[in-house]
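In: Based on what follows, work out the 3D shape:
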Amino acid sequence: MSVPAPESPSFEHIDFEALDSFRFPDGGGYPQSYREFVRSCGWARTFGLWLIYPPVQPGFADGRARAANLTEHFHTVFRDGEEEEFDWMIKPDGSWDLAERLEVFGWSENGDLLLWDVASRNADEEFPVWESRGMNTLHLLGSSLDEALLKLRERSEAQVIEPLRPARL
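Out: Residues are numbered from 1 along each chain as shown. I've put the predicted structure just below:
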């Protein structure tokens with residue numbers, strides 16, 4: 001992992017079995033950089049802003065179900081944008097086809113998204129990581145979560161990962 005883990009990470013609601021057993025349509029599991037982040041940092045606010053959604057035990061909030069809801073909303077927004085020919089939405093690095101393949105796995109407290117291109121696993125079994133600022137742009141952050149976190153850290157004033165208390169539904 002490319003960033004320092006918190007001293008007392010919050011793990012009580014993370015579903016580690018799902019972290020290891022989940023499979024995407026391509027048959028592969030979660031990328032190694034994501035699994036390492038979740039195992040090291042748990043449920044946390046990263047660099048004062050970012051929430052990376054881990055798989056969680058039943059009855060807890062802010063897990064992969066939240067990411068799936070955000071993904072659905074993202075796809076709706078981008079389909080509407082394509083229909084309206086708002087080509088600025090796929091700038092600077094994306095395309096409409098790419099937007100349809102992206103899945104949310106992280107969210108910033110200012111409304112930006114971290115997304116994986118789940119149809120483009122690389123030789124290291126990692127997904128490219130994209131950022132959508134305000135849910136109306138597409139920026140490539142890196143070929144893995146580790147690369148993306150380095151870029152996010154560079155532009156952040158907060159350099160720490162702060163453990164958060166899990167919330168029950």
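In: where exactly do the strands run in the protein?
Out: With strands called from DSSP state E, the chain shows them at 44-46, 50-52, 102-108, 113-117, 129-132, 139-142, 161-163.
In: Give me the distance from the fifth one to the chain's centre.
Out: Mean-position distance between strand 129-132 and its chain equals 8 Å (C-alpha atoms, centre = their mean, to the nearest Å).
In: Lowest-scoring secondary structure element of the protein by mean pLDDT?
Out: When the helices and strands of the chain are scored by mean pLDDT, DSSP states H and E, strand 161-163 comes last with a mean of 91.
In: Point out the other helices and strands that it packs with.
Out: On a contact count with 3 or more C-beta pairs under 8 Å, 6 or more residues apart in numbering; DSSP states H and E, strand 161-163 meets strand 44-46. The way it works is simple: take the backbone N, C-alpha and C, and place the C-beta from them, glycine included.
In: Given the strand it packs on, what are its sheet partners and their directions?
Out: Strand 44-46 sits in its sheet next to strand 50-52 (antiparallel), strand 161-163 (antiparallel), going by DSSP bridges.
In: Enumerate residues external to the first one that contact any of its residues.
Out: Read that as strand 50-52. With contacts defined as C-beta atoms under 8 Å, 6 or more residues apart in numbering, strand 50-52 is touched by 34, 37-38, 41, 44-46, 62, 105-109, 114, 145, 152, 164.
In: and the nearest residue to L113 once chain neighbours are set aside, how many neighbours does it have?
Out: Leaving out its chain neighbours, the residue that sits closest to L113 by C-beta to C-beta, 6 or more residues apart in numbering is S132, at 4.4 Å. Neighbour count for S132, taken as other C-beta atoms under 10 Å: 23.
In: Give me the pLDDT value at S132.
Out: We have a pLDDT of 97 for S132.
In: Contacts only, for it.
Out: S132 neighbours (C-beta under 8 Å, 6+ apart): 74, 102, 112-113, 115, 138-139.
In: again with V56
Out: Contacts for V56 (C-beta under 8 Å, 6+ apart) come out as 13-15, 43, 62-64, 166.
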